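Engineer: I'll drop the sequence and a predicted model, then ask my questions.
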Amino acid sequence: MSASDAQTESAYAAWAAAYPVPAKKNVYLGARCDKDMIRNRFQGLAKIVGSDAALDMVQKEPFLMFRDATVLQASWDALKDMEEDTQRGLVMEAVQKNPKLLTIPDFEYRRTKPSLDSLAFAASAIDALRPFGQAGLTVVIFGSFVVFISILRPFLYGFGGGPSLLQPIINMLPSIPRPYELLEGTGINLASVVLVIPLYIVYQSFKARFFNK
């Protein structure tokens, strides 16, 4: 779906507000990014996801406009390849919540093979935290990690040097014998096995020296 002039202007305004220096100089990291190019890139994105969704995505992540439409299309196609019949619409939902998913190269998706469900879950979390801004988002994610570790650590290592709270559960699990215990349990002495190794190496050398000519 082609975007209207008003939508295209709104998309360019969102990009220019986020990146005033490139908008003024028409260059970003040595690459051209004048108004016509940004407008064309937005039109290309609109053909992929629809004009309304495209405008919403650019307003959330103006950085999208630094990517050519062919790059965005390739990433979109890679994501759509992950989408199963029971997940119809999940890619659209994920990229609209986290537009930066389209800035990840398609070959990375094909190489790492991430779960679409996990990408969608992360996209929902990012979208929910978006009101905090980029700095706020970083603080929230890092803070959540610290809180998670603070809560999880006592369960794993115990309180004040005491036993782990998970230890009773671990004690209920059957013990897994070590490899040498398996050998000794069958009547094979580990020392005898170690002795066989150098004897085998000597035998192989002797065989190679006199019989494999």
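Structural biologist: That came in fine, so what should we check first?
Engineer: point out where the protein drops to low pLDDT.
Structural biologist: The chain contains residues with pLDDT under 70 at 1-2, 133-213.
Engineer: pop the domain breakdown of it in here.
Structural biologist: Listed domain ranges for the chain are 5-148, 179-210 (source: automatic domain parsing).
Engineer: dump these to CSV, plus mean neighbour count.
Structural biologist: Where you see a C-beta, it was placed from the backbone N, CA and C, and this is true even at glycine. Formatted as CSV, these follow (neighbours: other CB atoms under 10 Å):
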stretch, mean neighbour count
domain 5-148, 16
domain 179-210, 10
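Engineer: mind checking how far residue 98 is from residue 128?
Structural biologist: Using CB to CB, to the nearest Å, residue 98 is found at 11 Å from residue 128.
Engineer: if you could redo that for residue 27, that was the one I meant.
Structural biologist: 35 Å.
Engineer: cool, residue 84 as well?
Structural biologist: Following CB to CB, the distance that separates residue 84 from residue 128 is 25 Å.
Engineer: same question for residue 29.
Structural biologist: For residue 29, the distance to residue 128 - CB to CB - is 31 Å.
Engineer: same deal with residue 85?
Structural biologist: Separation of residue 85 from residue 128 (CB to CB) stands at 28 Å.
Engineer: for residue 101, what are its contacts?
Structural biologist: Taking CB atoms under 8 Å, 6 or more residues apart in numbering, we find residue 101 in contact with 75, 79, 94, 95, 119, 123.
Engineer: next step: those restricted to strands.
Structural biologist: Among the contacts of residue 101, DSSP state E puts none in strands.
Engineer: closest one of the residues you listed to residue 45?
Structural biologist: residue 95 (10.1 Å; CB to CB).
Engineer: does the nearest residue to the closest one once chain neighbours are set aside sit in a helix, a strand or a coil?
Structural biologist: Excluding its sequence neighbours, the residue lying closest to residue 95 (CB to CB, 6 or more residues apart in numbering) is residue 101, at 5.0 Å. Here residue 101 is recorded as helix under DSSP: H, G, I helix; E, B strand; the rest coil.
Engineer: distance of residue 101 from residue 82?
Structural biologist: Residue 101 sits 11 Å away from residue 82, going by CB to CB.
Engineer: quick check: residue 56 touching residue 96?
Structural biologist: Yes. Taking contacts as CB atoms under 8 Å, residue 56 lies within contact range of residue 96: 6.3 Å.
Engineer: which residues does stretch 11-22 contact?
Structural biologist: Contact partners of stretch 11-22, identified using CB under 8 Å, 6+ apart, comprise 3, 23, 28, 33, 35, 38-39, 42, 54-55, 58-59, 62-63, 65.
Engineer: farthest-apart pair in these, please.
Structural biologist: 3 and 28 (21.8 Å).
Engineer: which parts of this structure are helices?
Structural biologist: All helices of the chain, identified by DSSP state H, fall at 5-18, 20-25, 35-49, 51-60, 69-82, 90-97, 106-112, 116-129, 133-157, 167-172, 179-185, 190-210.
Engineer: can you tell me the closest non-neighbouring residue to residue 43?
Structural biologist: Leaving aside its sequence neighbours, residue 43 sits nearest to residue 3 (CB to CB, 6+ apart; 5.7 Å).
Engineer: wait, residue 73 touches residue 49, no?
Structural biologist: No. Counting by CB under 8 Å, residue 73 does not reach residue 49; the two are 10.2 Å apart.
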